[in-house]
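Undergrad: have a look at this prediction, sequence included:
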Amino acid sequence: MKISTRRLVILSFLIALSIVLTRLLSIRIPIGGVEGIRIGFGALPIIFAGILFGPLAGGIVGGLSDFLGYFINPIGAYMPHFTLTSFLTGYIPALFFHYVFRKRTDFIYLLISIAIGQILTSIILVPYFISTLFGLSMKVILIPRLFSQAFNIPIYAILLKTFLHFDPLKVQASKAN
């Protein structure tokens, strides 16, 4: 992964945007005294970073967003499990987008890439960690997450399809020519 000043600024902006969308502009629904469901668009900048710059960049944006977001606005004790899932939120869709679908920006490929990542992280790993760490039933956590991801996954794909037409690196490159 090449690190230029422009990429560093864009990735930093996406980290900040993810923190704001996750920690401040999300709806939190507690279940059993812990945050069971968070409805919002905090994962969108993480996934976008991975799609735009590759799996490692998406993973780093995800991990740093969760880690820094905790220190800015802590919710309970720090749990590295959720930093891992945030890393994977950016890494997995980008891995499929870049290496399986060969950067094809058709809606269906974006949808599948995002769905695989969100199913593994938001529907499987996060409920598992909440269940094992806090003793809550997986059934209680899983059902609302299924509904929220059924809404989020297509919205993320539509927004990313739109965002990819406004790639800041391509816009800047076309102005230079």
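TA: Nice, I can see it.
Undergrad: per-residue pLDDT of the residue nearest the centre of the chain, please?
TA: The chain has Ala43 as the residue nearest its centroid, 2.8 Å off, counting by Cα atoms, centre = their mean. Looking at Ala43, its pLDDT is 96.
Undergrad: ok, it touching Leu88?
TA: No. Counting by Cβ atoms under 8 Å, Ala43 stays clear of Leu88, with 10.7 Å between them. The way it works is simple: take the backbone N, C-alpha and C, and place the C-beta from them, glycine included.
Undergrad: so which residues of this structure form strands?
TA: In the chain, strands defined by DSSP state E lie at 27-31, 34-39, listed in chain order.
Undergrad: just put the ones you listed in JSON lines and tack on mean neighbour count and distance to Ile15.
TA: As requested, the strands of the chain are arranged in JSON lines below (neighbours: other Cβ atoms under 10 Å; distance: least, Cβ to Cβ, whole Å):
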{"stretch": "strand 27-31", "mean neighbour count": "12", "distance to Ile15": "20"}
{"stretch": "strand 34-39", "mean neighbour count": "17", "distance to Ile15": "18"}
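Undergrad: need those strands in TSV with distance to Thr83, can you?
TA: Converted to TSV, these look like this (distance: least, Cβ to Cβ, whole Å):
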stretch	distance to Thr83
strand 27-31	18
strand 34-39	15
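Undergrad: return the member of those strands having the minimum mean pLDDT.
TA: strand 34-39 (a mean of 70).
Undergrad: residue contacts, the residue nearest to the centre of the chain?
TA: Ala43 makes contact with 18, 22, 89, 118, 122, 152, 156 under the criterion Cβ atoms under 8 Å, 6 or more residues apart in numbering.
Undergrad: what about these, which are in helices?
TA: Using DSSP state H, the subset of the contacts of Ala43 located in helices is 18, 89, 118, 152, 156.
Undergrad: from Tyr78, how far out is the first one?
TA: What it means is Ser18. From Ser18 across to Tyr78, the span is 17 Å (Cβ to Cβ, to the nearest Å).
Undergrad: which one of the two is surrounded by more residues?
TA: Legend: neighbour count by other Cβ atoms under 10 Å for Ser18 and Tyr78, higher for Ser18 (29 against 13).
Undergrad: mind listing what the more buried one touches?
TA: Neighbouring residues of Ser18 by Cβ under 8 Å, 6+ apart: 42-46, 61-62, 65, 69.
Undergrad: out of the contacts of Ala43, which one has the weakest pLDDT?
TA: pLDDT across the contacts of Ala43 is lowest for Thr22, at 90.
Undergrad: that one and Gly40 touch, don't they?
TA: Yes. Thr22 lies in contact with Gly40 (Cβ under 8 Å); the separation is 6.3 Å.
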